[in-house]
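J.: sequence and predicted structure are below.
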Amino acid sequence: METKPANVPPLNRRQFLRSSLRVAAMTGVGAVMGRLAGRTATRGTVWQIDPARCLRCGQCATECVLAQSAVKCVHTHAICGYCELCTSYFVPEPNALNTGAENQLCPTAAIRRKYVEDPYYEYTIDEDLCIGCGKCVEGCNRFGNGSLYLQIRHNHCLNCNECSIARVCAGDAIHRVPADHPYLLKTTVSH
Amino acid sequence: MKNPSAGSRITRRRWLRQGVRHAAVLGLAGSAVIQNRRQARAADNTAPNPFAYDVSRLEKTDPKLVRFAETRRFHCPQPDPRRLTLGPDGNLFVAARDAVAVLDPTGTLVRELTFAGPARCVAVAADGTTFVGLRDHVELFDAGGQRIAAWDSPGRKAWLTGLAVGDQGDLFAADSGNRLVWRYNRSGKVLGRLGEKNPQRDIAGFILPSPYLDVAWHKDGLLRVNNPGRHRVEVYTRDGDLELTWGKASMGIDGFCGCCNPIAVALMPDGRYVTCEKGLPRVKIYREHGDFDCVVAGPELFPQNARIGAGEEAADGARAALDAAVDAHGRVFVLDTITGDIRLMEPKA
Amino acid sequence: MKRRANTFVAGIGSWLATQAVALAEQRFPPPDFESGYKLPITQTPAPRAEWLAWLDVVVLLAALGFACHLIFRRRSRPGLVGLSLFSLVYFGFYRKGCICAIGAVQNVTLALCDRSYALPLTVLVFALAPIVLSLVVGRAFCAAVCPHGALQDLVLIKPSKVPAWLEHGLGIVPYLYLGAGLLFAATGSAFLVCRYDPFVPLFRLSGSFWMLTAGAAFVALGMFVGRPYCRFLCPYGALLRVGATLARWRLASAEALANFVAELIDDRQHHGVPVPSAEEETKLPERH
């Protein structure tokens, strides 16, 4: 059996303090984990816009950390009136009801207009072009049924710890929602 | 062990003193920044929006076109009013959330007819019989407010939004869901379907992106119906023959704005039309063949209605609408569905 | 930043309320299409899968373990460089710098102070694993796992010595930043560390002008000053620094390392353990 060499120094004060603090810190970390373990969420959350609170302030287009915002316009076709004169597609006083650039409300021409049958037209959003400015949403809400609204698209959103749009949202409309229900889609409007 | 570097001279007391000083500065700075952030956040709401949908120019009415002035205003006692009409005794009947409120011309509540669901439209016959359109069927009440009958629903998609009593005791029910006008007799039997799409009769059909079909009966025996999706008013005989259409889409004062207007139609004693629009909330008068006459009330009178309709407040903008009823003296009662106010508009001297 | 759980509940509640009322009144039917047109369904692209978040945790723990192995067993500087590159690519450019341990400690602070905030388990592990490791072996996370440090290490071309007075003065900044970050997080006001991280915009390849400029400035400075962000700003590094001073087996300065090795040799001699020859000792990791 080995015996401790005579010239091995005993534990000094600094080593004792360091060891004690280390144990205390470990205990603290354990306590934090224990305290939070009961309140941790097993499912993650993502950011989403509540259409009922959105004020179309335009900051979704400018405040996202991405070069092209992760916020896009979304269309619930079941609410849409399929109007020939769609106030989300056309400027307030268009020259003609056609796809001419001067007649379109969207600054990036992200809305596609397709004839269905007299007098109905289908309007769809090209998300590659949409910048989430909300101009069409405003037109749809003011004069139409409100079938267009803004949503954060999770194939683009980075799910930042602090959403830079939520920070400045004029309507306090952006909150965290469960990742397994990541969208707040409109299914109807109350007429 | 690392030796303290020469010249540091950090003693325990000095370290603690500096630490307390730093913590105090940090706390003050944090409080200041948090307070500033709150103020900045409040200020963000007024930051100009480069993508604003600007129709402010259209919200101003040329004063020369306004020939009516508000002489009285009172409030509907029931929430969520939708339609109003005048009875033979001059009382106002307002269809609201779960009731029809009967008000005298000064706005005093006379009685209420209550329902399990929202009352969407109402009409009163000359004998005082009250017809109330709930979403999918009509109920009848006598002059004393007692329920007489409840008619069968005309169908699964029925969505009644306007009623008018004809001169033969028949009732015309505007059904936005089925996109037509039902003609009933007094016992609830369907006598006809007006306005249904029929190329043989040269009827294009009603386009209703939203439930605002309305009807108005005139003593000339013709029924007026709005067609919001086509931005016009259509005139039918009681048998469903289309006599006349007029109207155009325009944000200008002489047309019907937005995607679907007018949302209500009433008739002056001389046959002129009173129309109501949403989006740019305004009430206008057109002459018998559709020529613009004058403005009863412009968007300036309905600021909250316009704001909520535009979604500038976190409230449901889909209900932002107006309705109008005209009495025998040509005075126009205008209902604001957002504020619940009923304005009496009388011709200016 | 708002009280997230409260606003989340409020937001969900208000949306559900409107939908409930609306559904109770039924939706006004869309037009009857005679051509057989079918209404399109609104597309809902799913967010990142849940299991990928756990994969990030596994990669983090594996990287930390491998870093310890490289430092203490292999004593391999090229290995650490390789691991740094991997961390830069994975945690930096692939994950775009989020989630990271630096910001995760704010979430833990918020969870401790706000009972209504439910912290994801993955975030808890991200925040605490490097701290626990620092209490045992020192700042292994900083050495080869943190993408911020990895980026600075890789751009360092001509290290210059910072004057002692400046280094001492700037050395207090990480602690101040840590305090501010935790204070703001605890009050639910903001996640300062995330908001003002200079490197995450570079990883994302997008961001505000000033943050991109700050990131570029740190990269440029890092070419001549070793790890400026780590030494003079990183709040998590301040936390790990405290933990590392308590570490059982830590590599501090080169002098301390030499002393440690000398003690180790001395200890081995006293216990009759053969002392490795000079050839068996690999090059020690460089310290700043």
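T.: Yep, that arrived. Numbers count the residues shown, from 1 in each chain, chains lettered A, B, ... in the order given.
J.: for chain A, what's the longest helix?
T.: In chain A, with assignment by DSSP state H, the single longest helix is helix A:13-37.
J.: please work out the average pLDDT along that one.
T.: Per-region confidence: helix A:13-37 scores 85 on mean pLDDT.
J.: which elements pack onto that helix?
T.: Here helix A:13-37 is seen to pack against helix C:101-113, helix C:121-137 when contacts are counted using 3 or more C-beta pairs under 8 Å, 6 or more residues apart in numbering or on different chains; DSSP states H and E. Placement of C-beta: from N, CA and C, glycine included.
J.: wait, does the helix or strand just after the last one contact chain A?
T.: So that's helix C:121-137. Scanning forward in sequence from helix C:121-137 by DSSP states H and E, the next helix or strand is helix C:140-144. No: no part of helix C:140-144 sits close enough to chain A to count as contact by C-beta under 8 Å from any C-beta of the partner chain; the gap is at least 14.2 Å.
J.: quick one: mean pLDDT over helix C:140-144.
T.: Taken as a whole, helix C:140-144 has an average pLDDT of 90.
J.: repeat for stretch B:204-213
T.: With pLDDT averaged residue by residue, stretch B:204-213 scores 95.
J.: next: stretch A:122-130.
T.: For stretch A:122-130, the mean per-residue pLDDT is 97.
J.: ok, the residue nearest to the spatial centre of chain A to residue C:51 distance?
T.: Here the mean C-alpha position of chain A is nearest to the C-alpha of residue A:152 (C-alpha atoms, centre = their mean), at a distance of 3.4 Å. For residue A:152, the distance to residue C:51 (C-beta to C-beta, to the nearest Å) stands at 22 Å.
J.: with residue C:243 instead?
T.: Using C-beta to C-beta, one gets 30 Å for the distance from residue C:243 to residue C:51.
J.: which one of the two has more residues nearby?
T.: Set side by side, residue C:243 and residue C:51 give different neighbour counts by other C-beta atoms under 10 Å in any protein chain shown, the larger being at residue C:243 (25 against 8).
J.: need the pLDDT of that one.
T.: If you check residue C:243, the pLDDT there is 87.
J.: what ranges do the helices span in chain A?
T.: Chain-ordered helices for chain A, with DSSP H as the definition, fall at A:13-37, A:59-63, A:135-143.
J.: doesn't residue B:131 lie inside a helix?
T.: No: with DSSP: H, G, I helix; E, B strand; the rest coil as the criterion, residue B:131 is strand rather than part of a helix.
J.: how much space between it and chain C?
T.: Applying C-beta to the nearest C-beta, to the nearest Å, one obtains 21 Å for the distance of residue B:131 from chain C.
J.: so what's the residue count around the closest residue to residue B:220 other than its chain neighbours?
T.: In space, residue B:220 comes closest to residue B:271 once its chain neighbours are excluded; the distance is 6.7 Å by C-beta to C-beta, 6 or more residues apart in numbering or on different chains. A count of nearby residues for residue B:271, using other C-beta under 10 Å, gives 13.
J.: for the one 3 residues further on, same thing?
T.: Applying other C-beta under 10 Å, we find 25 other residues in the vicinity of residue B:274.
J.: tell me which helix or strand it sits in.
T.: Assigning secondary structure by DSSP H and E places residue B:274 in strand B:273-277.
J.: so does that strand get close to chain A?
T.: No: applying C-beta under 8 Å from any C-beta, one finds strand B:273-277 separated from chain A by no less than 9.4 Å.
J.: show me what that strand is packed against.
T.: Judged by 3+ C-beta pairs under 8 Å, 6+ apart, the packing partners of strand B:273-277 are strand B:264-267, strand B:282-286, strand B:322-326.
J.: for residue B:117, find the nearest of the ones you listed.
T.: Each of these has some distance to residue B:117 by C-beta to C-beta; the shortest is strand B:322-326, at 18.9 Å.
J.: could you give the angle of that closest one to strand B:273-277?
T.: Here strand B:322-326 points in a direction 160 degrees away from that of strand B:273-277 (axes from the mean of the first three to the mean of the last three C-alpha atoms, to 10 degrees).
J.: okay, the angle between strand B:322-326 and strand B:282-286?
T.: On the basis of the same axes, to 10 degrees, strand B:322-326 is oriented at 40 degrees to strand B:282-286.
J.: can you get me the centre-to-centre distance for strand B:322-326 and its chain?
T.: Offset of strand B:322-326 from its chain centre (C-alpha atoms, centre = their mean, to the nearest Å): 10 Å.
J.: that strand and chain A in contact?
T.: No: against chain A, strand B:322-326 shows no contacts by C-beta under 8 Å from any C-beta, the least distance being 13.9 Å.
J.: then that strand to CSV, C-alphas only?
T.: The C-alpha trace of strand B:322-326 is given here as CSV (Å, rounded to 0.1, in the frame of the first residue of the first chain):
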residue,chain,number,x,y,z
LEU,B,322,-74.2,52.0,-42.4
ASP,B,323,-77.9,51.7,-42.9
ALA,B,324,-80.5,54.3,-43.7
ALA,B,325,-84.3,54.7,-43.5
VAL,B,326,-86.4,57.6,-44.8
